[in-house]
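Participant: pasting a predicted model and its sequence here:
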Amino acid sequence: MRMNPALGGVAFSIHLRRPYDRPVSRLTDEAKRILIGRALRSDQHGETLLPKRIALPVFASDPLSSVAYAPGEVLMVLAVAGFGAYHFSPWIALGVVVLMFTVVASYRQNVHAYPSGGGDYEVATTNLGPRAGLTVASALLVDYVLTVAVSVASGIENLGSAVPFVADNQVAVALAVIGLLTVMNLRGVKESGKIFAIPTYLFVFGVLLTIAVGAFKGMVLDHDMHAPTASYEVVAEHKGLAGFALVFLLLRAFSSGCAALTGVEAISNGVPAFRKPKSKNAANTLALMGGLAVVMFSGIILLAMATDVKMAEDPAKDILINGSPAGDGYHQDPVIAQISAAVFGDGSILFVFLAAVTAMVLFLAANTAYNGFPVLGSILAQDRFLPRQLHTRGDRLAFSNGIVLLAIFAGILVYAYGADSTRLIQLYIVGVFVSFTISQIGMVRHWNRHLADETDPAERRRMHRSRAINAFGAFFTGLVLVVVLLTKFTHGAYVAVLGMAVFYATMSAIRKHYDRVSDELAVTDEKDDDVVRPARVHSIVLISKIHKPTLRALQYAKLMRSDTLEALSIGVDAAETRELQREWMERGIDVPLTVLDSPFREITRPVVDYVKGLRKESPRDVVSVIIPEYVVGHWYEHLLHNQSALRLKGRLLFTPGVMVTSVPYQLESSEAAKVRARRRAEWTAPGSVRRGPAAPQKKNGADPRS
């Protein structure tokens, strides 16, 4: 209890209650518990942090698995000029390798400079402004959705090379896989990481074994290895390409090979998920991922050349078998499956093993997006660019709402494109290179700013070296971005650009809405903080933060002549709770504030249980729960506000001896709803159809509806 001299000795107090303990699960919760596991307390978050051996498959499964389809995309593009153009593939692979080393070295600087988990979005926002940050965020969100769609579709194709049922039901199986991945990720990052670790390491082992055995047979034993398609012919769509046309084709092939770089940025976004020392462990994991990806990508390209693999964008008519087109019934196996058949023998145990682990790791490669999308969505929600529900952790301390939203977007994309990785991959990598380029430009500005204040010679040398790495990375990735846009825009990349524009516009609109509401609700005048005389009503006022609706609800509760009056807040975020307590004490609000800690981040159940506890202590008392609530005017605003209030009212209205009161606060947009309601009333009143619209009545020369 404290006295506030500014209020003439008015007493105010803050009570901290013990953490809310989850009651015994009801029957309706059992299915959820079986599916995703028992709920975790907020203070158990440290138990979910990842060691490097688990972090590698969690964050690097996308770039590692992309070696299963990126080499094939290179060969399919080169096939446009005929089989003779395949000899350019090693040079294209060299360009991709140089780019991979550049990007990995650049992101190691990001990891050390910005370890908070904002990744490219934080770098761009801090150094280039909110518009650049929002552009990066839009690009990454699109890329994460495409990562899930492309990885799952490619995995279906690899599995279909060994299981005909999968090839015949691609879309259905792909949607089922997305559903399974969603459930696994809802169980939590660490638990899903343990599940994903074994297939990822088996895939790496299988590819490296294939490369080693293939090199040994070809270079030491001088065996003649042939892929199943070695005897086929490739029909050139454009024979004798030269000059600018050939350069354009090679650039397009290079841009397709750059799919091997997708997901590299995920580690910089996931630094908080690493065990300490976080930055060092993240940087080491990034370096290991880059080294493995380079070796695997290069090895597969070289083995594809050595075994005469044939690929085509339209194999039904561009692949000739015994001089005749392959036809619609022909199923084109991925490059890695053809190489495995050449090295180990078609149908051998090692062939089946590699096909199985390749399909599994491609499915699990989507896990990179399942970790990146929800975390970025949470950060954007915290910055008020996305609905606040995306900032809340679920029962397993994962950002459940973001995980489900990603699954919905990816499922729609897979269904729309028929789970065809060749069509989906044309949309790919635009977003990731937008984020690469803007992020590296931001890092150059970051080092320029720090160099202006740094005087230590050794530290300045380190900063100059880091700036040079990021500057080269910005130049190289910017150049690749231009190439990707030029060579892929008409082949489908425009859809990704359109998606980025939609995300950008939507997030900008959400931010404007939240800013407008915040300005409207801010306490700016002393009269907003008027303390009125308490009355005689027993009530509990639910508090989330101090603003105009909160003060109005408190004043209303006092006027209801309460026997006892308290404010109740549910502590979900420790920082926000501390800020609420500080402001409550500073304002000297003469109502006791009870903070009920909720380590499971629930709001509805702790309030209901607290109210039931009061009723149990005094069964004859009537508890009045007063809920501040916004009144909005557009349907989409309902998605952004009052969700917790609706759930609370739904539960409390069925609790005996409890009254629920909403204290509405009309936002400016509610005027639009008021006008619409008035217009509907005019046209639906009895006899209005016969009478027609009434002329507006003027009073003192003014329209009463204005």
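Facilitator: In hand now; what should we look at?

Participant: any low-confidence regions in the stretch 551-700 of the chain?
Facilitator: Within the stretch 551-700 of the chain, the stretches with pLDDT under 70 are 633, 635, 637-639, 641-643, 670, 672-700.

Participant: just the helices in it please.
Facilitator: Ranges of helices within the stretch 551-700 of the chain are 574-587, 604-617, 635-638, 643-652, 670-684, 688-691, based on DSSP state H, counting those that start in this stretch.

Participant: how far off helix 604-617 does the fourth one point, in degrees?
Facilitator: Right, helix 643-652. Between helix 643-652 and helix 604-617, the angle comes out at 40 degrees (axes from the mean of the first three to the mean of the last three Cα atoms, to 10 degrees).

Participant: show me what helix 643-652 is packed up against.
Facilitator: Contact partners of helix 643-652 among helices and strands, from 3 or more Cβ pairs under 8 Å, 6 or more residues apart in numbering; DSSP states H and E: helix 604-617, strand 623-631, strand 658-666. To be clear about C-beta, it is placed using only N, CA and C from the backbone, and glycine gets the same treatment.

Participant: pop the domain breakdown of this protein in here.
Facilitator: Domain ranges of the chain: 37-511, 526-686, per automatic domain parsing.

Participant: can you tell me which of those domains the model trusts least?
Facilitator: If the domains of the chain are sorted by mean pLDDT, domain 526-686 sits at the bottom with a mean of 75.

Participant: next one: it to chain centre, how far?
Facilitator: 32 Å (Cα atoms, centre = their mean, to the nearest Å).

Participant: please work out which of the helices and strands packed on helix 643-652 is packed deepest.
Facilitator: strand 623-631 (a mean of 21; mean count of other Cβ atoms under 10 Å).

Participant: what sits up against that strand?
Facilitator: In this structure, residues lying in contact with strand 623-631 by Cβ atoms under 8 Å, 6 or more residues apart in numbering are 517, 537-542, 549-550, 552-553, 556-557, 560, 562, 607, 611, 614-615, 641-642, 645, 648-649, 652, 657-667, 670, 673.

Participant: I'd like the next helix or strand past the longest helix belonging to the chain.
Facilitator: In the chain, with assignment by DSSP state H, the single longest helix is helix 349-382. Using DSSP states H and E, the helix or strand that follows helix 349-382 in sequence is helix 400-416.

Participant: so which bits of that following helix are buried?
Facilitator: Within helix 400-416, the residues scored as buried using 16 or more other Cβ atoms under 10 Å are 400, 401, 402, 403, 405, 406, 407, 409, 410, 411, 413, 414.

Participant: if I look at the first one, how far off is residue 178?
Facilitator: Residue 400 sits 16 Å away from residue 178, going by Cβ to Cβ, to the nearest Å.

Participant: ok, now the last one?
Facilitator: In this view, residue 414 and residue 178 are 7 Å apart by Cβ to Cβ.

Participant: quick one, strands of the chain?
Facilitator: Remark: strands assigned in the chain by DSSP state E are 2-4, 10-12, 14-17, 233-234, 319-321, 324-325, 539-542, 565-571, 593-597, 623-631, 658-666.

Participant: I'd like those strands laid out as TSV, including distance to residue 337.
Facilitator: Putting the strands of the chain into TSV (distance: least, Cβ to Cβ, whole Å) gives the following:
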stretch	distance to residue 337
strand 2-4	73
strand 10-12	72
strand 14-17	60
strand 233-234	18
strand 319-321	15
strand 324-325	22
strand 539-542	59
strand 565-571	54
strand 593-597	54
strand 623-631	56
strand 658-666	61
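
Participant: out of those, which gets nearest to residue 113?
Facilitator: Comparison of the strands of the chain against residue 113 by Cβ to Cβ identifies strand 565-571 as nearest, at 32.6 Å.

Participant: export the closest one as CSV, just CAs?
Facilitator: Backbone C-alpha positions of strand 565-571 (Å, rounded to 0.1, in the frame of the first residue of the first chain) are rendered in CSV as follows:
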residue,chain,number,x,y,z
LEU,A,565,-13.4,-2.8,-6.5
GLU,A,566,-10.2,-4.1,-8.0
ALA,A,567,-8.5,-4.1,-11.4
LEU,A,568,-7.3,-7.4,-12.7
SER,A,569,-4.5,-7.9,-15.2
ILE,A,570,-3.2,-11.2,-16.6
GLY,A,571,0.6,-11.2,-16.8
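
Participant: for residue 442, list the residues it contacts.
Facilitator: Residue 442 makes contacts with 120, 123, 124, 126, 127, 128, 132, as judged by Cβ under 8 Å, 6+ apart.

Participant: and the last one, how many neighbours does it have?
Facilitator: Other residues within reach of residue 132 by the criterion other Cβ atoms under 10 Å amount to 20.

Participant: I figured it hits residue 439, correct?
Facilitator: No. Using Cβ atoms under 8 Å, residue 132 is not in contact with residue 439; the gap is 9.4 Å.

Participant: shared neighbours of the two, anything?
Facilitator: Counting by Cβ under 8 Å, 6+ apart, the residues touching both residue 132 and residue 439 are residue 124.

Participant: any idea how many residues pack against the nearest residue to residue 430 once chain neighbours are set aside?
Facilitator: Leaving aside its sequence neighbours, residue 430 sits nearest to residue 496 (Cβ to Cβ, 6 or more residues apart in numbering; 4.4 Å). Per other Cβ under 10 Å, the neighbour tally for residue 496 reads 26.

Participant: and among the domains of the chain, the most buried is which?
Facilitator: Taking mean count of other Cβ under 10 Å, domain 37-511 is the most buried of the domains of the chain, at a mean of 21.

Participant: how far does that domain sit from the chain's center?
Facilitator: Using Cα atoms, centre = their mean, the mean C-alpha position of domain 37-511 is found 15 Å from that of the whole chain.

Participant: same deal with stretch 507-524?
Facilitator: With Cα atoms, centre = their mean, you get 24 Å for stretch 507-524.

Participant: in that stretch, what's buried?
Facilitator: 507, 510, 511, 513, 514, 517, 520, 521.

Participant: didn't the last one look like it was pressed against residue 548?
Facilitator: Yes. Counting by Cβ under 8 Å, a contact exists between residue 521 and residue 548, whose distance comes to 4.9 Å.

Participant: mutual contacts of these two, please.
Facilitator: The contact sets of residue 521 and residue 548 overlap at residue 665 (Cβ under 8 Å, 6+ apart).

Participant: what residue lies at the spatial centre of this protein?
Facilitator: In the chain, the centroid-proximal residue (Cα atoms, centre = their mean) is residue 373; its distance is 1.1 Å.

Participant: can you tell me how far that one is from residue 58?
Facilitator: Residue 373 is 14 Å from residue 58, by Cβ to Cβ.

Participant: what does residue 486 give?
Facilitator: Taking Cβ to Cβ, one finds residue 486 at 34 Å from residue 58.

Participant: now swap in residue 659 and tell me
Facilitator: From residue 659 to residue 58 the distance is 49 Å (Cβ to Cβ).

Participant: over to residue 351?
Facilitator: 28 Å.

Participant: with residue 124 instead?
Facilitator: According to Cβ to Cβ, residue 124 and residue 58 sit 24 Å apart.

Participant: again, but for residue 615
Facilitator: For residue 615 relative to residue 58 (Cβ to Cβ), the value is 46 Å.

Participant: try residue 401
Facilitator: Relative to residue 58, and taking Cβ to Cβ, residue 401 is found at 20 Å.
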